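Engineer: Sequence plus the predicted model coming up.
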Amino acid sequence: MKHRMLGGITGIALSVTTLISMSACFPQDSSDRLTPITLNEVAHSIFYAPQYVAIENGYFEEEGISLTLVTGFGADKVMTSLVSGDADIGFMGSESSVYVYNEGSADYAVNFAQLTQRAGNFLVSRTPQPDFNWDSLRGSTVLGGRAGGMPEMILEYILKNKGIDYKNDLTIIQNIDFGSTAGAFKGSPDDYDYTVEFEPHATLLENEGAGYVVSSLGIESGYVPYTAYCAKKSYIKNHPEIIQSFTNAIQKGINYVNTHTPEEIATVIAPQFPETESKDLVKIIDRYKQQDSWKDNTLFSEDSFNLLLDILESSGELKSRVPYEVLVNTEFAERAK
């Protein structure tokens with residue numbers, strides 16, 4: 001029997017905690033043999049379907065892990081949780097690991113597995129634009145993301161490639177938590193022309209007639225190392241078997257989504273998204289599969305890491321470039337099965 005426990009945490013941001021156990025898959029006393037691990041994810045989004053498949057199909061338990069999932073609502077908050085020891089593993093944009101390293105932290109975060117290879121958010125317009133052109137953003141007000149975060153930097157990266165000066169040609173709002181942007185967009189029709197949203201929020205806005213998806217940032221930006229798993233250097237050194245088991249579970253989730261239909265995937269992850277109708281889950285998963293969002297493996301390549309540094313540099317967020325071998329450990333991804 002699977003038990004899920006959700007709880008709210010108040011503070012700088014609201015966090016959602018999910019405790020997963022799979023006692024049906026093991027003898028009743030097997031929980032004593034499972035290692036408790038806390039994973040803090042940047043957002044609870046269908047974009048991360050392989051992770052939720054791993055949870056719902058019991059892959060973590062198969063690997064000897066009892067997983068507690070916490071949603072941090074922002075890479076900065078996830079990293080704070082990781083550095084403080086509240087989380088064992090963080091899942092977020094790898095730019096945060098670069099920032100922490102460049103701040104001089106001795107026990108910095110090291111990336112050991114990459115999940116997504118494209119941006120997972122979409123540009124949503126106030127009005128239908130079947131012939132959308134990025135020049136339409138000139139003079140507009142856009143609900144973007146936190147300065148220095150991957151969603152915002154990818155948007156800036158696209159705008160720059162389109163010949164649009166993101167500092168002067170439009171207004172990007174960066175002071176609203178991205179978990180609240182859809183509500184702000186819907187509730188203030190006179191204030192914002194566009195918003196950048198993850199799923200399921202983009203589809204929900206469409207269903208309510210409050211917005212219209214006009215472009216995929218994932219397609220426009222190309223392949224980028226959008227989100228990855230990391231842990232403190234000391235944790236990886238002291239618990240390599242846990243990191244390997246965790247990576248194995250994620251790899252099993254990746255294998256599943258890459259070999260099953262959107263309908264099958266939607267059925268598996270539906271308990272993670274009770275507020276999303278089945279037809280919308282299928283639509284969103286298909287959208288992500290069509291744009292090749294998920295990797296075949298968890299290997300974080302050097303080319304991907306250097307592209308990340310290029311994006312940070314382009315956004316003016318990079319103090320100094322960091323060697324790939326310092327912030328990326330590939331040994332677990334290479335052995336994952």
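Structural biologist: Nice, thanks for sending it over.
Engineer: and this protein, what are its domains?
Structural biologist: What automatic domain parsing lists as the domains of the chain is 2-118+225-335, 121-221.
Engineer: how about those in JSON lines, adding mean neighbour count and mean pLDDT?
Structural biologist: In short, each C-beta sits where N, CA and C put it, glycine included. Formatted as JSON lines, these follow (neighbours: other CB atoms under 10 Å; pLDDT from 0 to 100):
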{"stretch": "domain 2-118+225-335", "mean neighbour count": "19", "mean pLDDT": "88"}
{"stretch": "domain 121-221", "mean neighbour count": "18", "mean pLDDT": "93"}
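Engineer: From the opening residue of stretch 225-238 to its closing one, how far?
Structural biologist: Distance between the boundary residues of stretch 225-238 (CA to CA, to the nearest Å) amounts to 26 Å.
Engineer: Name the residues that touch it?
Structural biologist: Residues from elsewhere that reach stretch 225-238, judged by CB atoms under 8 Å, 6 or more residues apart in numbering: 42, 48, 82-83, 88-94, 97, 107-120, 150, 154, 218, 243, 246-247, 250, 298, 300, 304-305, 307-308, 329.
Engineer: Dihedrals phi and psi, the nearest residue in space to residue 191 that is not next to it in sequence?
Structural biologist: Of all residues not flanking residue 191 in the chain, residue 141 sits nearest, at 6.7 Å (CB to CB, 6 or more residues apart in numbering). Here is the backbone geometry of residue 141 (degrees, to the nearest 10): phi -120, psi 130.
Engineer: can you pull the contacts of residue 141?
Structural biologist: Shown in contact with residue 141 (CB under 8 Å, 6+ apart): 170-171, 173, 191-194.
Engineer: Just to be sure, which of those are found in strands?
Structural biologist: Per DSSP state E, strands hold the following members of the contacts of residue 141: 171, 173, 194.
Engineer: Adding distance to residue 291, write the residues you listed out as CSV.
Structural biologist: As requested, these are arranged in CSV below (distance: CB to CB, whole Å):
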residue, distance to residue 291
171, 28
173, 26
194, 19
